[in-house]
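> fold the following.
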Amino acid sequence: MKLTTKLFLVLAVMVSGQACKEKKNSTENHQSQIKLEVTAKDILGNPDYLAISYGGYRAISRDVQPTLDELKEDMRILAAMGIKIVRTYNVQLQQASNLLKAIREMKQDDPDFEMYVMLGAWIDCKNAWTGMEPDHNVESEQNEGEIARAVALANEYPDIVKIIAVGNEAMVKWATSYYVQPSVILKWVNHLQALKKEGKLPAALWITSSDDFASWGGGDPEYHTQDLADLIKAVDYISMHTYPYHNTHYNPEFWGVPEDEEQLSDIAKIEAAMLRAKAFAMSQYEAVGNHMKSLGVDKPIHIGETGWATVSNGHYGPKGSKATDEYKEALYHKHLREWTNKAGISCFYFEAFNEKWKDAHNKHGSENHFGLFTLEGQAKYALWEMVDQGVFEGLTRNGNPITKTYNGDVDALMEDVLTPPLKREQAVPQ
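Model (predicted):
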């Protein structure tokens, strides 16, 4: 073979190889661009993008922040479950920024890893959490900084942050320590929407507020103000909370066993009660929708929070509404996922893991026990089937493999399951 022929072949191979490399890089860049362009509109209401509420705190105080490794550990567990959107609650602590950093590093290690964030900006009234009398008509001077931090993170992580929620249960009047008037939430929602128009936030970023169904007009008419109407028109979608669990005490009309079901077996009574709990949540969702439509507005409504605790020594335990155990949590989780997935509603189920800081002085307080997992990483009954299927094989939390609560003993679990009270014998809530 002539030298010139050899050189030609070598050059041809090199050119071909470079072309393949450029094509590969182009494909990878295109795939990266596709992922970057996934928006809230694409993922909210999409059953392929399951949502959950997430804190990740393991200690009795939030002074101890979850580490990057701990956050990654949790994200691997949630991703194995099919979760692709997590909701956080504030950005003044490191948890939110570290979570975004953890997700970005996981994406860099595995380009196919997919997780998005609904970033919560905490909103307070003046004097909230200070020991002084809260002034619900004036907002906290801390709010401006909180919004600025949320904006900075949304711009730093546009491929991950798809939603900013202004406030968490910040308008509902039973949040007596910190609630604000709807005008405050409206002010900051309008501010964020203006930044989008000015090109200072991603145009596809969705802005909402995550609040109780009543705060969105689905309950007491006292919430039906002009500021709320303007807020409903200003947000990109409504993020509403519904808690039949709490209402087993505060509004128990739906919960007690009616007379025509008293002859049923205990397990049938429980299953019927949990179907009523689902119907209760659906009725609150419908009430918010009806109020929205009465204003001439038609936009998506998703569930920012709903859940069911598994331990309570208070209103919801053996001496109260008897609503609390893993069997009922499993039924509620199943019912809510089936309904919302079919209806095209995102449900940020509350919550992924137990967190003991929420009621730090009461180990058995219900607020500490809403997780689908325990602090140690045991899967509660709602997820036992996933454990059997090997979904969590090789995954750990705090160094512990993912195992079942009660050592997988259904009979032991059922010993802690109580039948709801008869409706005719229900106590009057206090």
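> let me see the mean pLDDT of stretch 349-365.
Averaged across stretch 349-365, pLDDT comes to 97.
> what's that stretch in contact with?
51-62, 74, 77-78, 83, 86, 305-307, 311-314, 333, 336-337, 366-375, 377, 397 (Cβ atoms under 8 Å, 6 or more residues apart in numbering). (Glycine included, C-beta is placed from N, CA and C.)
> drop anything exposed from these.
Buried members of those, counted by 16 or more other Cβ atoms under 10 Å: 51-58, 60, 62, 74, 77-78, 83, 86, 305-307, 311-314, 333, 336, 366-375, 377, 397.
> give me the below-cutoff pLDDT ranges for the stretch 101-250 of the chain.
Within the stretch 101-250 of the chain, no stretch has pLDDT under 70.
> how about the strands in it?
With DSSP state E, counting those that start in this stretch as the definition, the stretch 101-250 of the chain shows strands at residue ranges 116-121, 125-126, 135-139, 161-168, 206-212, 238-241.
> let's have these in a markdown table, adding distance to residue 102 and mean neighbour count.
A markdown table is the format used below for the strands of the stretch 101-250 of the chain (distance: least, Cβ to Cβ, whole Å; neighbours: other Cβ atoms under 10 Å):
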| stretch | distance to residue 102 | mean neighbour count |
| --- | --- | --- |
| strand 116-121 | 11 | 26 |
| strand 125-126 | 32 | 21 |
| strand 135-139 | 31 | 16 |
| strand 161-168 | 13 | 27 |
| strand 206-212 | 22 | 26 |
| strand 238-241 | 24 | 27 |
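> distance to residue 154 for these - can I get that in JSON lines?
Shown next, in JSON lines, are those (distance: least, Cβ to Cβ, whole Å):
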{"stretch": "strand 116-121", "distance to residue 154": "6"}
{"stretch": "strand 125-126", "distance to residue 154": "24"}
{"stretch": "strand 135-139", "distance to residue 154": "21"}
{"stretch": "strand 161-168", "distance to residue 154": "4"}
{"stretch": "strand 206-212", "distance to residue 154": "10"}
{"stretch": "strand 238-241", "distance to residue 154": "16"}
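> nearest residue to the middle of this protein?
With distances taken as Cα atoms, centre = their mean, the residue of the chain nearest its centroid is residue 53 (2.5 Å).
> report the beta-bridge partner residues of that residue.
Counting by DSSP bridges, residue 53 is bridged to residue 87.
> how much space separates it from residue 85?
Look at residue 53 and residue 85: by Cβ to Cβ, to the nearest Å, they are 10 Å apart.
> out of the contacts of stretch 349-365, which sit inside helices?
Among the contacts of stretch 349-365, the ones falling in helices (DSSP state H) are 74, 77-78, 333, 336-337.
> as JSON lines, these with distance to residue 159 would be great.
Output for the ones in helices among the contacts of stretch 349-365, formatted as JSON lines (distance: Cβ to Cβ, whole Å):
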{"residue": "74", "distance to residue 159": "20"}
{"residue": "77", "distance to residue 159": "22"}
{"residue": "78", "distance to residue 159": "18"}
{"residue": "333", "distance to residue 159": "29"}
{"residue": "336", "distance to residue 159": "29"}
{"residue": "337", "distance to residue 159": "27"}
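> ok, these vs residue 283, which is closest?
Nearest to residue 283 among these: residue 336, at 13.6 Å, using Cβ to Cβ.
> OK, contacts around the residue nearest to that closest one when sequence neighbours are not counted?
Of all residues not flanking residue 336 in the chain, residue 347 sits nearest, at 5.7 Å (Cβ to Cβ, 6 or more residues apart in numbering). When contacts are counted by Cβ under 8 Å, 6+ apart, residue 347 touches 51, 302-303, 306, 336-337, 340.
> could you grab the helix/strand/coil label for residue 66?
Following DSSP: H, G, I helix; E, B strand; the rest coil, the label given to residue 66 is coil.
> and it, how many neighbours?
Counted by other Cβ atoms under 10 Å, the residues lying close to residue 66 total 23.
> what about the nearest residue to it once chain neighbours are set aside, distance to residue 332?
With Cβ to Cβ, 6+ apart as the criterion, residue 66 has its nearest non-adjacent residue at 4.3 Å, and that residue is residue 56. The gap separating residue 56 from residue 332 is 22 Å, by Cβ to Cβ.
> ok, now residue 171?
Residue 171 is 25 Å from residue 332, by Cβ to Cβ.
> next: residue 371.
Taken as Cβ to Cβ, the span from residue 371 to residue 332 is 13 Å.
> do a quick rundown of the strands in the stretch 251-400 of the chain.
301-306, 347-349, 396-397, 400-401.
> which residues are contacting the longest one?
So the one you mean is strand 301-306. Outside strand 301-306, the residues that reach it (Cβ under 8 Å, 6+ apart) are 44-45, 53, 87, 118, 165, 208, 210-211, 237-244, 281, 285, 288-289, 292, 336, 340, 345-350.
> can you check the last one too?
By Cβ under 8 Å, 6+ apart, the list of residues contacting strand 400-401 from outside reads 376-378, 392, 395.
> each with direction, which strands does it pair with?
Sheet pairing here is set by DSSP bridges, and for strand 400-401 it gives strand 396-397 (antiparallel).
> so the closest residue to residue 337 other than its chain neighbours bridges to which residues?
Spatial nearest neighbour of residue 337, chain neighbours left out: residue 347 (6.8 Å); criterion: Cβ to Cβ, 6+ apart. Under DSSP bridges, the beta-bridge partners of residue 347 are residue 303.
> measure residue 347 to residue 258 for me?
Note on residue 347: its distance to residue 258, by Cβ to Cβ, is 27 Å.
> now do residue 394
Distance from residue 394 to residue 258, counting by Cβ to Cβ: 47 Å.
> quick one: which of the two has more around it?
Taking other Cβ under 10 Å, residue 394 and residue 258 do not tie; residue 258 has more neighbours (14 against 9).
> residue contacts, the spatially closest residue to residue 124 that is not a sequence neighbour?
Nearest non-adjacent residue to residue 124, counting by Cβ to Cβ, 6+ apart: residue 140, 4.0 Å away. By Cβ under 8 Å, 6+ apart, the residues touching residue 140 are 123-128, 178.
> can I get stretch 260-270 in PDB? Just the C-alpha atoms.
Output of stretch 260-270 as PDB, limited to C-alpha atoms (Å, rounded to 0.1, in the frame of the first residue of the first chain):
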ATOM      1  CA  ASP A 260     -76.100   1.500  59.000                       C
ATOM      2  CA  GLU A 261     -72.400   0.300  59.200                       C
ATOM      3  CA  GLU A 262     -72.400  -0.800  62.900                       C
ATOM      4  CA  GLN A 263     -73.000  -4.500  61.900                       C
ATOM      5  CA  LEU A 264     -69.900  -4.600  59.800                       C
ATOM      6  CA  SER A 265     -66.700  -6.300  60.900                       C
ATOM      7  CA  ASP A 266     -64.000  -4.000  62.500                       C
ATOM      8  CA  ILE A 267     -61.800  -4.100  59.400                       C
ATOM      9  CA  ALA A 268     -64.800  -3.300  57.100                       C
ATOM     10  CA  LYS A 269     -65.600  -0.300  59.400                       C
ATOM     11  CA  ILE A 270     -62.100   1.000  59.100                       C
END
